[in-house]
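Q: Sequence first, then the predicted structure:
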Amino acid sequence: MPIFLVRRFLAAIPVLLTVAVFVFLLLRLTPGDPAAIIAGDMATPEQLERIRATLGLDQPIIVQFGTWIVDILRGDFGTSLISRQPVLNLVTDRMWPTIWIGLITIALSVIIAVPMGVLAAWKQGSWIDHLVMTFSVLGFSVPVFVTGYLLITLFALDLQLFPVQGYTPPSQDFGSFAARVVLPSFTLASIYIALIARMTRASLLNVLGEDYVRTARAKGLTERRVLFRHALRNAAVPVMTVIGTGFALLISGVVVTESVFNIPGLGRLTVDSIFARDYPVIQALILLTAGIYVLVNLLIDISYSFLDPRIRY
Amino acid sequence: QTITAVMHSGLRVLDPVITTAHITRDNASMIFDTLVSLNSDFEVVPQMAEYEVSEDGLTYTFTLRDGLTWHDGGEVTPADCIASMKRWMERDGGGQMIADKMESLEATGDNSFELVLTEPFPYTLTAMAKVSGLALFMMPERIASTPSDQAIEELIGSGPFKFVQEEFQPGVRVVFEKFEDYVVTPEPADWFSGAKEVLVDRVEWVTMPDAQTAINALVNGEIDYMESVPVDLLPLLETVEGVETQVLNDLGSVTIGRMNFLHPPFDDPQIRRAAMMALNQEDVLTALIGNPEYYQVCGAIFGCGTPYEFTDGSETLTTGDGVEQATQLLEESDYDGTPIVLMQPTDVVTLTAQPIVAAQALRNVGFNVDMQPMDWQTLVTRRASQAAPSDGGWNIFFTNWVVPEVSNPLANVMLNGRGDEAWFGWPTDEEMNQMLADFGAAEDEETRKSLAEQMQAHVMENVNYVHLGQYFSPAAWRSDVLSGVETAPFPVFWGVSKDEG
Amino acid sequence: MADKLIRGAFPLSTGKLAARVGFAPTVSAIVLLLIVLGAIFAPYVAPHDPIMQDPTARLAAPSAEYPLGTDNYGRDLLSRVIYGARVSLIIGIGATLFAVVLGLTIGLVSGFFRLADAIVMRIMDGLMAIPSVLLAIAIVSLMGASIWTVMAAITIPEIPRVVRLVRSIVLSAREEPYVEAALSLGTSMPRILWRHLMPNTFAPLTVQATYVCASAILTEAILSFLGAGVSTETPTWGNIMAEARLYFQLKPSLILWPGLALSLCILSINLLGDAARDVLDPRMGKREA
Amino acid sequence: MTVLSVENLTVAIDDAKGAEVVRGISLEIAAGETVCLVGESGSGKSVTSLAAMGLLPKGSLKTTSGRILLDGEDLLTLRPNELRERRATRMSMIFQEPMTALNPVMKVGDQILEVLTAHTRMPSSEAEAKVTDILGQVGLPDIERMASSYPHQLSGGQRQRIMIAMALVLEPRLLIADEPTTALDVTTQKQILKLIKDLQTGHGTAVLFITHDMGVVAEIADRVYVMNQGALVEDGPVRDVMSNPTKDYTRKLLSSVPSLDPRAPRPPRSKKPTLVVSDLNKVYGGGGFLKRGAETHAVKDVSLELMSGRTLGVVGESGSGKSTLARCVMRMIDITSGGVKIGGQEIGQFGRRAMHPYRKRLQMVFQDPYRSLNPRLTVEQSIVEGPVNYGMPRKEARAKAAELLDLVGLPTNALGRYPHMFSGGQRQRIAVARALAMEPELLVADEAVSALDVSVQAQVLDLLDEIQDRTGIAILFITHDLRVAAQVCDEVAVMHRGRVVEMGTTRDVLGNPQHEYTQSLLAAAPGRDWDFANFRPVAA
Ligand SMILES: Nc1ncnc2c1ncn2[C@@H]1O[C@H](COP(=O)(O)OP(=O)(O)OP(=O)(O)O)[C@@H](O)[C@H]1O
Ligand SMILES: Nc1ncnc2c1ncn2[C@@H]1O[C@H](COP(=O)(O)OP(=O)(O)OP(=O)(O)O)[C@@H](O)[C@H]1O
Ligand SMILES: [Mg+2]
Ligand SMILES: [Mg+2]
Ligand code: NI
């Protein structure tokens, strides 16, 4: 197992390197001059040149890339071009809201979606099945921001159950934190639930056709036990995989949700930075999200071996 | 007591000398104070310092008021002010003009200093008191000695509010605390002048990327103040009890179009005129604002409601009947149908409508329009390119200014006609340059007014830029808890009290 | 046992195709067809020019002239929704085509040649690790927003998913005895890829393609929402909604109609995808003992 | 005393047409009795047994009439809950595939324990003791470790024992075993059969044993029922049916069972060997970037020679390296060391390109008739693929394909059809035709008939024999079935753990085995002492 871990971690290096190269090239080879942004409306060409020089933007691209990578390896992600803050501070400052919302969304989705999927698979072809499937297809079909607005109108404005927007750290005021994460988490979860419920259903249907399920029935076990003890765990691997790949979807959704609910998280930071051409921040953020994605999927790979003893690395 | 306010954009750049971004200026005006200020009659009045101008108009003496301290406890000295002025002069247009004519800038005592010019420049005090763009804020010497192309790291001022560095989240949240040792001037508050008396403990600025969310938050009482409400959404607030909406910045903003003088077809004044005549303010403003209460069709390039309000030559813009003439002008011109590259920003709400309306209007009179959508930063980068439109350059774009930024000919960057050194679009306009120089040197207001009127006519003739009208953004606040919200060209939080009902 | 094998190996052969295609997919197909026809014949169907502004009728209520009312530029909403289908569908279908064609090629090659595999898959993993919307915003805001950049931006992150799918199918199909048989018949590698392996990917790809198509249309909407979409001169469902979001409470119909069109379209595509899966892959269909 | 009595059972497909799969079957089993249900594949054996357990797949099959009485109680009228109560306590079932019938993510001990907790209120210590006890009864060694193993950590035989333990732990009155040994090799099969027999005598269980292996029937049955196409053909005490079958179908079935009596070697057609394998070694695994897999030495120092016109059989238990050998000869995989000569030309180290001209001289028929033909190509496309690859004009190749179909006994109109429209036996013939289209010198048949029914198997074997007579092709025939080997091979090589332990003419090796392993293989072949084809015991 440790060897497997080491190997997987090593395998993540080329992945992240690809991401790094890709992002770097994308940012440098396309128009958008951070110097012009910093200089502002009144800047003269000389001022622009000077700013470019101080930012190192006048160096050959290879040199810029090298410097950047070496700095990162030293733990230095640079300084924001716009706000002049260390990127690391910016990111750690904005990380927690996103992490909390992400975790709550995943927990929520799993708790809701898995039973939904199980029910649909078990009652395959019945109206429950159709209902669940319709719901999950709908979850895919409505843009996140529309879901968000709808939830706000309904639960925050009409019913006055939750605040409209904002974020409070749980350490500061847990009640307020809890009240404020409900709507964004549900908004985000709508896609995720759809994804997981569908996968659970499909995977469970596959498993229900397996010989060992027939064996379990032949043993005279109750349907419930057959479903939850025998079928579900065997169906878990593809579901976990979907949770992992769906994570990318989650990150995308976060960008929108954070705007709609005014949550000062990473998603907004990324969008703002892209629009502001704040290169060091964009680079760090995309690398970070890619890193998180890789890590999550690594964890999920590891979880396979707990779910299914046949999988050993 | 804490006022929570939603501002028009997120604060990212802190140094008010580096950028002209309004939010940076707004932020700085909370923290820093100015030597002299402008009141609502556009008069320069003393703020941190009393001043005297010598008979010959060459020597300006400033005497600091007693007991001024910095937020870190230090005393405000002439050296601090001199350093702040020098740094500002390197960046600001008006400042540069002063610097060009400056003989010396030296301390003359413990609390006084002197600015000596080589020739009279009556515009000096106005430039120092200006409230827009790069305003002249006083900072401690150690901070003000930062090179002017490098951003300052610390925000220590002598203004009514202290900046709370630990709680600052770029682009998201700015927190101010009342500065207890602030010395309130005796005169009553008027715009940026007079008593900046802070009546609350804290002010928090939050940024909401979504106006809808901000309004909902205001309705739900989660925030106290919203700097600018999209006019279309005002009906949402009208019926809400305890929320008041009003235009606080009653000068408003102008929206303009700027053409590229370097490349065909707009290197030809006749075609520029055709383009201008094709446009009409009413259409642009309706699309941009909608409710006529919040815009004003106004032919004056220096803004309506300002001292230099002249409307010569603007009839087609204000009446909208220039289409035929424009069509004819264009037909008679050498325009060969090359598509004109119109840059359209997609992510700035206040700039999306103009290109769309303009494109239709230009097509109407026979232009071939290539509308290129891009985000604002791409536009900002691209408008700096002097390349041909087909090689990544451009022909026309639109932007907005607040009225104080255009109301004074010397502050209005679009008038500058020094070719490559001019603002994007790079007109070479000797005539205009001369008028500007004369304006700066003019001794009396009458001369200045007549020069301003000539400039108005010249701009309409030469189409240095297209003035597309004036508009006003209403602010909204919880009138059930806030009192003392006053009009000013940018949001002020002194004099506002909060009653935690 | 024998029967199970047959059904597993010959998905297309079951005579249940007609029976399996139920009510929902049929309706979906009809809805989709209507949308496509509407898009193609938009100039004949739409009552107005979708970009023609009427400043006097800003945010007008539905009337005979403007059946669904107008937007904040005074443009006819119905016409915009009808024309909006064009770009949305072009983006959806275009992204799908690109993703499928590129993904299929890369996936086939990398699934069969071990040498290429290691490198290609690392790159694909890298691409996959970048959140698609972020990548798309980056590409669009850097390259400028046009139908083509938006399409490219949406396509790029989808490619690795298709590649992975194709590759996994090739990896398992590669072990099928009939591939070995072809090898022993002296069939060349490219031909084995083309004739024996590629057809296996069609069924799952169809399902994947519907997914890509739906998510491309949605991503376009999200990009517009974030201000990185196609110019509002060319209406797309996404940018109509994005522009209208300011009016969500005042005039919800502005967001409702394009939203409805979008959701109906995606719903139909998804349902068709599900139906395709049921037809093409019997294991996902009826439960077996 | 009758334990199970099925009366007039009819099972139909649960759709509008309602085609009947099992038609009016009646059978009876008494306590302590072993009843075998035989018949070719698809005759309805499994469906009958599933119906008895109430486990027919919902939505696809249903019982339309008849009664199933367990100790006099009609199972078909019970409510689902009651029926579930009867399972495991009164009746149990063992399935064919030991590999898939156990839940892969649960420890096997727990899977047995679960039966107890589901049906009894036993305290857990007692239940665990009972699990240990039953595991001991089925003869598993190292019970502690076994109980806490996952299925994939056990061998096929061990898994099947776990299944049996699970089925018998509550001492049901009836045990249904659906082909419980088909997937196991003969030695293991023998042990399992004995185990069932022992337990049955110990507990007095009634056993319904489903199989299509007549050897097994001869070995264990008291009575036998013969099924064909969903209907019962014949039944009676096993000796009676085997020695005096009254129905044609039964006679045909029995006479298709190959005899263990080895054939006489035929003279080689030429002096020069078609295939020479010398000191062949194949090691799987190892290598790989960052990943050092375990190595498997699948083939060790194997040397063989095969003359044209002759058939060399390779026999041995599962995993002994037979398929690996075949793939090395075919050069589907790279060989680790040693040589392979075809018609005197060494091809052992050829690369893909160099190999190309030699491919047509070697052809292969694969085990699985369902997967070795591309389902998306017509029969004709499959057959012409090879010749066309070697430059034959398409038209000519087509004509040849038609000829070949005729040769393998299929109508020429089969050319345009797809593989799924054929039965397993027919498909295997198509595969043979495809191989022959290349006019190879050597045909490698890897378990080419193992997936087929005895009657169909006999047809394919006859076909191969006939073709060999006609064309003088050399055949490398891989099988684990000694009966088949005895019928078709001139020589056999016995493989055990990658090595050839004994080689010689079939008559010598099977008639007078020298190596201990060969002897044990022979001893394990069921029904050794019955001559099925002649309906009598083997003449001593
Ligand atoms: N789930 C099902 N749906 C429809 N038909 C089925 C199903 N299961 C079996 N059948 C059909 O029922 C018939 C009898 O099948 P059954 O499995 O009982 O055969 P068998 O005698 O057990 O064969 P084998 O020796 O291959 O196991 C076959 O024709 C088969 O196609
Ligand atoms: N591709 C492979 N990689 C690694 N090991 C393999 C591979 N193929 C087969 N083996 C191993 O080589 C050994 C011989 O396998 P082979 O398939 O030749 O056996 P076999 O005699 O044909 O068995 P069966 O009768 O089950 O077909 C086994 O231990 C098997 O696990
Ligand atoms: Mg069976
Ligand atoms: Mg084998
Ligand atoms: Ni601004």
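A: Yep, that arrived. Numbering: from 1, shown residues only, chains lettered A, B, ... in the order given. Ligands and ions are numbered 1, 2, ... in the order given.
Q: Report the secondary structure state of whatever residue of chain D ends up closest to chain C.
A: With CB to the nearest CB as the measure, residue D:57 is the residue of chain D nearest to chain C, at 3.1 Å. In short, each C-beta sits where N, CA and C put it, glycine included. Three-state assignment for residue D:57 (DSSP: H, G, I helix; E, B strand; the rest coil): coil.
Q: how about residue B:49, what does it touch?
A: Neighbouring residues of residue B:49 by CB atoms under 8 Å, 6 or more residues apart in numbering or on different chains: B:35-36, B:62-65, B:81.
Q: What pLDDT is listed against the closest residue to ligand 1 within the stretch 101-250 of chain B?
A: Ligand 1 sits closest to residue B:210 of the stretch 101-250 of chain B, with a gap of 54.9 Å, by CB to the nearest ligand atom. Here, the pLDDT recorded for residue B:210 equals 79.
Q: same thing with residue B:272?
A: pLDDT for residue B:272: 90.
Q: Test my guess that the residue of the stretch 101-250 of chain B closest to ligand 1 contacts residue A:259.
A: Yes. Here residue B:210 reaches residue A:259: they are 5.4 Å apart, a contact under CB atoms under 8 Å.
Q: what are the ranges of the strands in the stretch 351-500 of chain D?
A: For the stretch 351-500 of chain D, strands defined by DSSP state E, counting those that start in this stretch occupy the ranges D:362-365, D:442-446, D:474-478, D:491-496, D:499-505.
Q: can the first one be found next to ligand 2?
A: No. No part of strand D:362-365 sits near ligand 2 under the criterion CB under 6 Å from any ligand atom; the closest distance found is 13.2 Å.
Q: do the same with the second one
A: No. Judged by CB under 6 Å from any ligand atom, strand D:442-446 makes no contact with ligand 2; its nearest approach is 7.2 Å.
Q: which helices and strands does that strand pack with?
A: On a contact count with 3 or more CB pairs under 8 Å, 6 or more residues apart in numbering or on different chains; DSSP states H and E, strand D:442-446 meets helix D:322-330, strand D:362-365, strand D:474-478.
Q: Listing partners with orientation, what would you give for the second one?
A: Counting by DSSP bridges, the strands paired with strand D:362-365 are strand D:442-446 (parallel).
Q: buried residues in the strand it pairs with?
A: D:442-446 (16 or more other CB atoms under 10 Å in any protein chain shown).
Q: Just confirm residue B:205 is within a helix.
A: No. Applying three-state DSSP, one finds residue B:205 to be strand, outside a helix.
Q: Please list all residues in contact with it.
A: Contacts of residue B:205 by CB under 8 Å, 6+ apart are B:5-7, B:11, B:27, B:173-176.
Q: Let me see the contact set for the closest residue to residue A:143 other than its chain neighbours.
A: Leaving aside its sequence neighbours, residue A:143 sits nearest to residue C:221 (CB to CB, 6 or more residues apart in numbering or on different chains; 4.6 Å). Counting by CB under 8 Å, 6+ apart, residue C:221 makes contact with A:143, C:229, C:236-238, C:241-242, C:262.
Q: cool, and residue B:164?
A: B:175-177.
Q: And the pLDDT for the closest residue to residue C:193 other than its chain neighbours?
A: Spatial nearest neighbour of residue C:193, excluding adjacent residues (CB to CB, 6+ apart): residue C:108 at 5.1 Å. On pLDDT, residue C:108 comes in at 85.
Q: give me the number of residues near residue C:108?
A: Neighbours of residue C:108 under the rule other CB atoms under 10 Å in any protein chain shown: 21.
Q: Does it touch residue C:166 like I think?
A: Yes. Under the criterion of CB under 8 Å, residue C:108 makes contact with residue C:166 at 6.1 Å.
Q: Can you pull the residues that touch both of these two?
A: With CB under 8 Å, 6+ apart, residue C:108 and residue C:166 have common neighbours residue C:201.
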